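Enquirer: For reference, the sequence and a predicted model appear below.
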Amino acid sequence: MAKFPVKGEVATLHADVVRVWENNTVTLHIHGYPHPITIDVKHLVSVEPKPKDKPKPKAKRGPLIDKPD
């Protein structure tokens, strides 16, 4: 958890990009906020790609042919 902000400090928010418009605006969904907001691209400081989900390991299978005893 982040420390409580003080007036004059800069805060960083995590949001998902919902839509990119032709007029250089972006619609964002801020985590924990029920409605998306649209802002100008010039107000974005950094944009990072969404982290990829790690693939689940496949179940190990036994041999296809039973070995005779």
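Expert: Received the coordinates, thanks. Residues are numbered from 1 along each chain as shown.
Enquirer: Tell me where the model's unsure across this structure.
Expert: Applying pLDDT under 70 to the chain flags the ranges 1, 69.
Enquirer: Do a quick rundown of the strands in it.
Expert: Here the chain has its strands, by DSSP state E, at 15-20, 25-30, 37-40.
Enquirer: Now render these as CSV, adding distance to Lys7 and mean neighbour count.
Expert: Every residue, glycine included, has its C-beta placed from N, CA and C. Formatted as CSV, the strands of the chain follow (distance: least, Cβ to Cβ, whole Å; neighbours: other Cβ atoms under 10 Å):
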stretch, distance to Lys7, mean neighbour count
strand 15-20, 23, 12
strand 25-30, 21, 16
strand 37-40, 22, 12
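Enquirer: so which of these comes closest to Glu9?
Expert: Taking Cβ to Cβ, strand 25-30 is the member of those nearest to Glu9, at 18.1 Å.
Enquirer: just the CA coordinates of the closest one, formatted as CSV?
Expert: What follows is strand 25-30, C-alpha atoms only, in CSV (Å, rounded to 0.1, in the frame of the first residue of the first chain):
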residue,chain,number,x,y,z
THR,A,25,-7.5,11.2,-27.0
VAL,A,26,-7.5,8.0,-25.1
THR,A,27,-10.3,6.4,-23.0
LEU,A,28,-8.9,4.8,-19.8
HIS,A,29,-10.5,2.6,-17.2
ILE,A,30,-8.9,3.4,-13.8
